[in-house]
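S.K.: Output the structure for:
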Amino acid sequence: MIQKLFPLDKNYILRQAQTAAQEEGIAIMVEELKDAYTLLYNPLRLQDDTYLQILTHTGFPLEGVRVIYQQLSGIYRYRYGSNQLEILFDGRSHLEKYQEDWLDQLRVWTRDLGMHESYVKTLLRMTLLYDGESRATFAENRCKSFINEYFQLKIIKRKGDLLLKLA
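M.R.: Below is the predicted model of the structure:
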């Protein structure tokens, strides 16, 4: 990461907090995905093959989830990334506070996104029901598109940089 401004800029600390929390955030996303699948498709918790595979399978690729995690991280920084640090009186560092705030918001967002079949199906195809690279890539692109629509954002690429703006 190239720092262009001040090392104590909130956005740099926020990005560091999100990077440090990536594995925990991905675990949250997977657990929320399992809960969302249960609520949408198996509210009676019937023990069929698909449901058992979703609940018990652990050896699935996480690259697609990392991409979605990074996309959600960028959206969070865009929405909550003012460069003004706040004064903390509870003894925590800014890194700890932003990490906690980010994970709380990630949990809320993944629960909200989990109410939409499109998000659940595409994320399942990339992770718990992974059945091939080409289908996972298609699902990843569809999931990114859905998230952009959900948050009403448009991603613009200029000179290698990604810019977010309201659609």
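S.K.: could you pull out the helices for the protein?
M.R.: Counting by DSSP state H, the chain has these helices, from start to end: 10-20, 22-41, 49-56, 63-80, 94-113, 117-126, 133-150.
S.K.: counting contacts, what elements does the third one pack onto?
M.R.: Taking 3 or more CB pairs under 8 Å, 6 or more residues apart in numbering; DSSP states H and E as the contact definition, the neighbouring helices and strands of helix 49-56 are helix 22-41. Every residue, glycine included, has its C-beta placed from N, CA and C.
S.K.: buried set for the helix it packs on?
M.R.: Residues of helix 22-41 classed as buried by neighbour count (16 or more other CB atoms under 10 Å): 25-26, 28-30, 32-34, 36-38.
S.K.: How about residues contacting that helix?
M.R.: When contacts are defined by CB atoms under 8 Å, 6 or more residues apart in numbering, helix 22-41 is touched by residues 18, 45, 51, 54-55, 62, 65-66, 68-69, 73, 102-103, 106-107, 110-111, 113-115, 117, 119-120, 123-124, 127-128.
S.K.: buried subset of those residues?
M.R.: When the contacts of helix 22-41 are checked for burial by 16+ other CB under 10 Å, the buried set is 18, 51, 54, 62, 65, 68-69, 73, 102-103, 106, 110, 113-114, 119-120, 123-124, 127-128.
S.K.: tell me the contacts of the residue nearest the centre of the chain?
M.R.: Most central in the chain under CA atoms, centre = their mean is Tyr69, positioned 3.0 Å from the mean C-alpha point. Residues near Tyr69 by CB under 8 Å, 6+ apart: 22, 25-26, 29, 106.
S.K.: Go through the residues you listed and name the one nearest Arg158.
M.R.: Using CB to CB, Gln22 is the member of the contacts of Tyr69 that lies nearest Arg158, at 26.2 Å.
S.K.: re the thing from before, and the contacts of Tyr69 as TSV, adding distance to Arg142 and pLDDT?
M.R.: Shown next, in TSV, are the contacts of Tyr69 (distance: CB to CB, whole Å; pLDDT from 0 to 100):
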residue	distance to Arg142	pLDDT
Gln22	22	97
Gly25	21	97
Ile26	19	96
Met29	16	96
Leu106	20	98
